[in-house]
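Undergrad: Mind looking at a prediction? Sequence and model below.
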Amino acid sequence: MGNEKFLSRAPEEIVEEQRERLMEYKANLSNLQTSLDQLGRH
């Protein structure tokens with residue numbers, strides 16, 4: 001969410017949707033990193 005122009009012009013509901021998607025992607029990335037770490041230990 002580093003694009004200030006987007007954040008200032010987009011409707012609030014669109015910005016909120018993008019924030020939620022970003023949080024989901026970060027959670028998925030964290031889960032994948034944990035899985036990779038566990039695989040690397042075996």
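TA: Received it, and whenever you're ready, just let me know what you need. Numbers count the residues shown, from 1 in each chain.

Undergrad: Quick one: distance of the longest helix seen in the chain to the chain centre.
TA: Once the chain is assigned using DSSP state H, the helix that runs over the most residues is helix 12-41. How far helix 12-41 lies from its chain's middle: 5 Å, per C-alpha atoms, centre = their mean, to the nearest Å.

Undergrad: Rounded mean pLDDT for it, please.
TA: If you average the pLDDT over helix 12-41, you get 96.

Undergrad: Can you give me the distance of the spatially most central residue of the chain to residue 39?
TA: Taking C-alpha atoms, centre = their mean, the centroid of the chain lies closest to residue 22, which sits 2.4 Å from it. Separation of residue 22 from residue 39 (C-beta to C-beta, to the nearest Å) stands at 26 Å. C-beta: built from backbone N, CA, C; applies to glycine.

Undergrad: What of residue 11?
TA: In this structure, residue 11 and residue 39 are 42 Å apart, going by C-beta to C-beta.

Undergrad: Just the C-alphas of stretch 4-12, formatted as CSV.
TA: Listed in CSV are the C-alpha atoms of stretch 4-12, where the atom choice follows Å, rounded to 0.1, in the frame of the first residue of the first chain:
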residue,chain,number,x,y,z
GLU,A,4,0.0,7.4,-2.1
LYS,A,5,-1.7,8.5,-5.3
PHE,A,6,-3.9,5.4,-5.3
LEU,A,7,-4.7,5.7,-1.6
SER,A,8,-5.7,9.3,-2.0
ARG,A,9,-7.9,8.8,-5.0
ALA,A,10,-9.5,5.4,-4.6
PRO,A,11,-12.8,4.9,-2.8
GLU,A,12,-12.4,3.8,0.8
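
Undergrad: Since that was my last question, I'll sign off now.
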